[in-house]
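Visitor: this one's sequence-less:
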Ligand SMILES: C[S@@+](CC[C@H](N)C(=O)[O-])C[C@H]1O[C@@H](n2cnc3c(N)ncnc32)[C@H](O)[C@@H]1O
């Protein structure tokens, strides 16, 4: 019988994991930590953390769900579940507890020991809070309103290593159209990251100077794909439609 503790609540597809493996196999991504804004219960963060030997950073509102104004993920606050107590209350209301539980159980490589937790509203952070040019991969999956996405992309611009990858979740997700709008607002205000791949519902971005290298590496990816353009930059779109609808 499957119990609650055997399931990690969250949103990750096999496409995401396969593509993560691919970008991690590119030699220029050998070094660097990983970071995610919006870890929820760690479903994406945990596989991400298997790809580094360095320190990682997990940013989330965690218990401060009153600030989760875009209602993206997160658990309910304890006053909404007054009938629960003890361990069950913790399980259903304490995101920090759930995240640590996932790392202890599923983070085979580090058991979470390399992970720093930063409990904060990402809109209040500056690049120095995360670390300048420290991470090879940063996943942006926190607040989903236009303001959050625009602000988070601006924040991580200076935290990603020169050759690293920023992964924006919910790109063209019809439930969170504000994410796509947030990206375009970021670009219209001079955002320097440029897109190079769109896989499933994630947009992959890098610094302009390494864009051509990612496009070249993607020629080796043996999947059905098309070449497209977003914001004037060549983007490889992996055709996951057939696989998903088989
Ligand atoms: C969609 S969930 C993330 C899903 C997760 N990446 C996964 O792998 O399943 C969004 C998360 O962002 C957090 N969040 C929402 N607004 C935030 C903000 N302003 N600052 C930091 N975290 C935020 C929520 O607490 C929630 O855990």
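Guide: All right, it came through fine. Source: prediction; values computed, not measured. Numbers count the residues shown, from 1 in each chain.
Visitor: going forward, measure contacts and count neighbours with C-alpha atoms only.
Guide: Fine.
Visitor: for residue 30, give me its contacts.
Guide: residue 24 (C-alpha atoms under 8 Å, 6 or more residues apart in numbering).
Visitor: pull up the per-residue confidence for residue 92.
Guide: pLDDT recorded at residue 92 is 80.
Visitor: ignore the last one, residue 196
Guide: Looking at residue 196, the pLDDT reads 98.
Visitor: give the helix, strand or coil label for it.
Guide: Put simply, residue 196 is strand when judged by DSSP: H, G, I helix; E, B strand; the rest coil.
Visitor: for the ligand, see how far away it is.
Guide: 21 Å (C-alpha to the nearest ligand atom, to the nearest Å).
Visitor: cool, residue 180 as well?
Guide: Distance check for residue 180 against the ligand: by C-alpha to the nearest ligand atom, it reads 15 Å.
Visitor: quick one: pLDDT of that residue?
Guide: 98.
Visitor: so where's the protein shaky on pLDDT?
Guide: 1-5, 78-82, 84-85, 242-246 (pLDDT under 70).
Visitor: spell out, range by range, the strands that occur in it.
Guide: 33-37, 56-60, 115-119, 135-140, 160-169, 193-199, 202-207, 225-230, 233-238 (DSSP state E).
Visitor: spell out whether the longest one and the ligand are in contact.
Guide: I take that to be strand 160-169. No. Using C-alpha under 6 Å from any ligand atom, strand 160-169 stays clear of the ligand, with a minimum separation of 7.9 Å.
Visitor: just the angle between that strand and strand 202-207, please?
Guide: Angle, strand 160-169 to strand 202-207, by axes from the mean of the first three to the mean of the last three C-alpha atoms, to 10 degrees: 160 degrees.
Visitor: would you reformat the strands of the chain as TSV and include distance to residue 182?
Guide: Listed next are the strands of the chain as TSV, based on distance: least, C-alpha to C-alpha, whole Å:
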stretch	distance to residue 182
strand 33-37	15
strand 56-60	19
strand 115-119	23
strand 135-140	12
strand 160-169	11
strand 193-199	13
strand 202-207	13
strand 225-230	14
strand 233-238	18
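Visitor: just name the most buried of these.
Guide: Across the strands of the chain, averaging neighbours per residue (mean count of other C-alpha atoms under 10 Å) puts strand 135-140 on top, at a mean of 28.
Visitor: is that strand positioned near the ligand?
Guide: No. Using C-alpha under 6 Å from any ligand atom, strand 135-140 stays clear of the ligand, coming no nearer than 7.6 Å.
Visitor: which elements pack onto that strand?
Guide: strand 33-37, helix 146-157, strand 160-169 (3 or more C-alpha pairs under 8 Å, 6 or more residues apart in numbering; DSSP states H and E).
Visitor: how far does stretch 11-29 stretch from one end to the other?
Guide: Separation of the first and last residues of stretch 11-29 by C-alpha to C-alpha, to the nearest Å is 24 Å.
Visitor: give the burial count for residue 217, as a bare number.
Guide: 12 (other C-alpha atoms under 10 Å).
Visitor: disregarding residues adjacent in the polypeptide, which is nearest to it?
Guide: residue 26 (7.6 Å; C-alpha to C-alpha, 6 or more residues apart in numbering).
Visitor: now do the residue nearest to residue 73 when sequence neighbours are not counted against residue 219, distance only.
Guide: Using C-alpha to C-alpha, 6+ apart and skipping the chain neighbours, the partner closest in space to residue 73 is residue 40 (6.3 Å). For residue 40, the distance to residue 219 equals 34 Å [C-alpha to C-alpha].
Visitor: of those two, which one has the most company?
Guide: Legend: neighbour count by other C-alpha under 10 Å for residue 40 and residue 219, higher for residue 40 (28 against 11).
Visitor: run through the bridge partners of the spatially most central residue of the chain.
Guide: Geometric centre of the chain, nearest residue: residue 139, 2.5 Å, by C-alpha atoms, centre = their mean. In this entry, residue 139 is beta-bridged to residue 36, residue 167, by DSSP bridges.
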